[in-house]
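*Asks:* Prediction below, plus the sequence it came from.
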Amino acid sequence: MNQKVIMKKECPSCAMMIEKDTQFCPICKYEFPRSSYQKQLKWVAIILAVLFLLVILL
Ligand SMILES: [Zn+2]
């Protein structure tokens, strides 16, 4: 029943509850930092590439 609440986040600039997927606050135009998930994904790709190279070289 309260799924809509879960899917919202609070704008740190104006404290407005906005949709979780929104990159910009529609009220004050605050730009949310990109999710760390993408950074983690990038690091996982780098680590996998290094491991792959090690496997080939050894
Ligand atoms: Zn805002």
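*Replies:* Ah, there it is. Numbering: from 1, shown residues only.

*Asks:* Contact residues of this protein facing the ion?
*Replies:* The chain has residues Cys11, Ser13, Cys14, Met16, Cys25, Ile27, Cys28, Tyr30 near the ion, with proximity defined as C-beta under 5 Å from the ion. Yep, even glycine has a C-beta here, placed from its N, CA and C like the rest.

*Asks:* Distance check, the closest residue to the first one other than its chain neighbours against Val55.
*Replies:* So that's Cys11. With sequence-adjacent residues excluded and distances taken as C-beta to C-beta, 6 or more residues apart in numbering, Cys11 is closest to Cys25, at 4.3 Å. Distance from Cys25 to Val55, counting by C-beta to C-beta, to the nearest Å: 46 Å.

*Asks:* Buried ones among the residues of the chain next to the ion?
*Replies:* Cys11, Cys25 (16 or more other C-beta atoms under 10 Å).

*Asks:* Tabulate the residues of the chain next to the ion (JSON lines), appending pLDDT and secondary structure.
*Replies:* Formatted as JSON lines, the residues of the chain next to the ion follow (pLDDT from 0 to 100; DSSP: H, G, I helix; E, B strand; the rest coil):
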{"residue": "Cys11", "pLDDT": "94", "secondary structure": "coil"}
{"residue": "Ser13", "pLDDT": "94", "secondary structure": "coil"}
{"residue": "Cys14", "pLDDT": "96", "secondary structure": "coil"}
{"residue": "Met16", "pLDDT": "93", "secondary structure": "coil"}
{"residue": "Cys25", "pLDDT": "94", "secondary structure": "coil"}
{"residue": "Ile27", "pLDDT": "94", "secondary structure": "coil"}
{"residue": "Cys28", "pLDDT": "96", "secondary structure": "coil"}
{"residue": "Tyr30", "pLDDT": "93", "secondary structure": "coil"}
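
*Asks:* just checking, what packs against the helix or strand where Leu48 lies?
*Replies:* Following DSSP states H and E, the helix or strand that holds Leu48 is helix 36-57. Helix 36-57 sits against no helix or strand, with contacts defined as 3 or more C-beta pairs under 8 Å, 6 or more residues apart in numbering; DSSP states H and E.
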